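S.K.: this one's sequence-less:
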Ligand code: SF4
């Protein structure tokens, strides 16, 4: 019987994708995924160190896993950003930990696993400057990835920006881009497997290829826009996304791509971090609030329906109430659809964590600012959602809705629209499969998601002998769609009658 693994993943999409890559390597090594950790022979934790809380969580997890390891021939490994930073220190602190692998060392996991079985504990965290580290085996036949129809594709990794608060250049290393040929080959392979939506990943994804480009050419478009144009020509790839870009690396070519490429989704996650020029300078973000807003206007001129989301930090050392008000003003003016907001968390080794960097903001004050900012973001999200009611859209079906467990909602599915919003909808019959593209009309807005109905009433079919909860699974808007009179004795199955 095949050995079983589980992976716990914390952090960003890059980490989630790294976990997929490791899972695929494990499938090639003969492992299969266990339904739960209690059944697993191998447990990997893919860690995040962007904030202190995430790092402390790992230490708590590892302490609690002593019991999981005790008395069984099990292997425990740790990877990701904390692993990259701590290396051997983790092995010393947690004697029941078998191996530690860095962010550039994913391909070593099967070999480290075998070594661990032979009783050899080790940490491998060497940084690699070779693009060969991206070249991993094609997906195993028994490994589907996380969401059918959707895939991540790493195009670059690492960061040379060294924002003063950010640990990423120390955990992911210096910026390195994959050769375009390798990216395009992988994208063609994904399309051949039925993937409809590809999200390009990189810490500063739109800086893709910039070092090679500077050496080779002068002037013209940056290579990221060219890469998008080449990807958009691949048959079968209906949607392209990218995350996360840096505002500094938007050039005319990339902005024009948003106007010209139908496959490029009308959503950009554009990290602002602060709306105060003073704080932006201290953060080493290399743009001003005015420049950021000018970029927003250029993007919206190219693609008027563009949805923008962002990242924000409050309570950065030295941030005054006036600085914070400036952030609120830019957030309002940019009209973000959503945002991730956090209190500043000093990370050891970064400039902003050094003593004397700036006056610390009192924890209660930082908390109050975060609450105020989040309130604003919630109101913007709801306004953006309400503006969508009545619009037609298309979702990539992801599976059961998070609401599906609620009474009367057992048939709720969820999908994601081109603006990256979650749309919940009552499953038609036959239900679409995860990975299908499905047209919907937005019928309702909620604070966290949208509710869709099939746009043509004729497309909303009644399930023969449907359980009583079928109508309960519908939203008020869906229930408001009235049924045309049914001819006596007419079969309801597949009649195309609206529900
Ligand atoms: S650009 Fe992004 S990943 Fe790079 S240092 Fe700044 S915040 Fe971190």
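M.R.: Cool, got the structure. Keep in mind the model is a prediction, meaning the values are calculated, not measured.
S.K.: CA only for contacts and neighbour counts going forward, please
M.R.: Will do.
S.K.: in the longest helix along the chain, what's buried?
M.R.: Assignment by DSSP state H gives helix 363-388 as the longest helix of the chain. Neighbour counts using 16 or more other CA atoms under 10 Å place 366-367, 369-370, 373-374, 377-378, 380-386, 388 of helix 363-388 among the buried residues.
S.K.: right, and the helix or strand after it?
M.R.: strand 392-400 (DSSP states H and E).
S.K.: show me what counts as buried in that next one.
M.R.: Buried residues in strand 392-400 (16+ other CA under 10 Å): 393-400.
S.K.: same question, stretch 159-166
M.R.: Using 16+ other CA under 10 Å as the test for burial, stretch 159-166 gives 159, 161-166.
S.K.: and of the residues you listed, the nearest to residue 262?
M.R.: Using CA to CA, residue 159 is the member of those that sits closest to residue 262, with 29.3 Å.
S.K.: wait, that closest one touches residue 171, no?
M.R.: No: using CA atoms under 8 Å, residue 159 makes no contact with residue 171, being 9.5 Å away.
S.K.: now what about the helix or strand residue 310 falls within, what contacts it?
M.R.: Residue 310 is part of strand 307-314 when elements are defined by DSSP H and E. Residues external to strand 307-314 that are found in contact with it (CA atoms under 8 Å, 6 or more residues apart in numbering): 266-274, 324, 335-344, 366, 369-370, 419.
S.K.: residue contacts, residue 259?
M.R.: Contacts for residue 259 (CA under 8 Å, 6+ apart) come out as 302-303.
S.K.: returning to what we had before: list only those of the contacts of strand 307-314 flagged as buried.
M.R.: Neighbour counting by 16+ other CA under 10 Å classes 266-274, 324, 335-339, 341-344, 366, 369-370, 419 among the contacts of strand 307-314 as buried.
S.K.: can you give me the angle the strand holding residue 310 makes with helix 363-388?
M.R.: Relative orientation of strand 307-314 versus helix 363-388 (axes from the mean of the first three to the mean of the last three CA atoms, to 10 degrees): 170 degrees.
S.K.: which SS class is the residue in the stretch 251-400 of the chain positioned nearest to the ligand?
M.R.: Closest contact between the stretch 251-400 of the chain and the ligand, by CA to the nearest ligand atom, is at residue 285 (6.9 Å). Following DSSP: H, G, I helix; E, B strand; the rest coil, the label given to residue 285 is coil.
S.K.: so it is in contact with residue 166, correct?
M.R.: No: look at residue 285 against residue 166 with CA under 8 Å: they stay out of range, at 10.7 Å.
S.K.: overlap of the contact sets of those two?
M.R.: With CA under 8 Å, 6+ apart, residue 285 and residue 166 have no common neighbours.
S.K.: in the stretch 151-300 of the chain, which spans are helices?
M.R.: All helices of the stretch 151-300 of the chain, identified by DSSP state H, counting those that start in this stretch, fall at 168-171, 180-192, 210-216, 223-232, 252-260, 277-283, 289-302.
S.K.: now do the fourth one: distance to the chain's middle.
M.R.: Yep, that's helix 223-232 we're talking about. From the chain centre to the centre of helix 223-232 is a distance of 20 Å (CA atoms, centre = their mean, to the nearest Å).
S.K.: equivalent analysis for the last one, please.
M.R.: What separates the centre of helix 289-302 from the centre of its chain is 23 Å, taken as CA atoms, centre = their mean.
S.K.: nearest to the ligand within the stretch 1-150 of the chain, name that residue for me.
M.R.: Nearest residue of the stretch 1-150 of the chain to the ligand (CA to the nearest ligand atom) works out as residue 50 at 9.0 Å.
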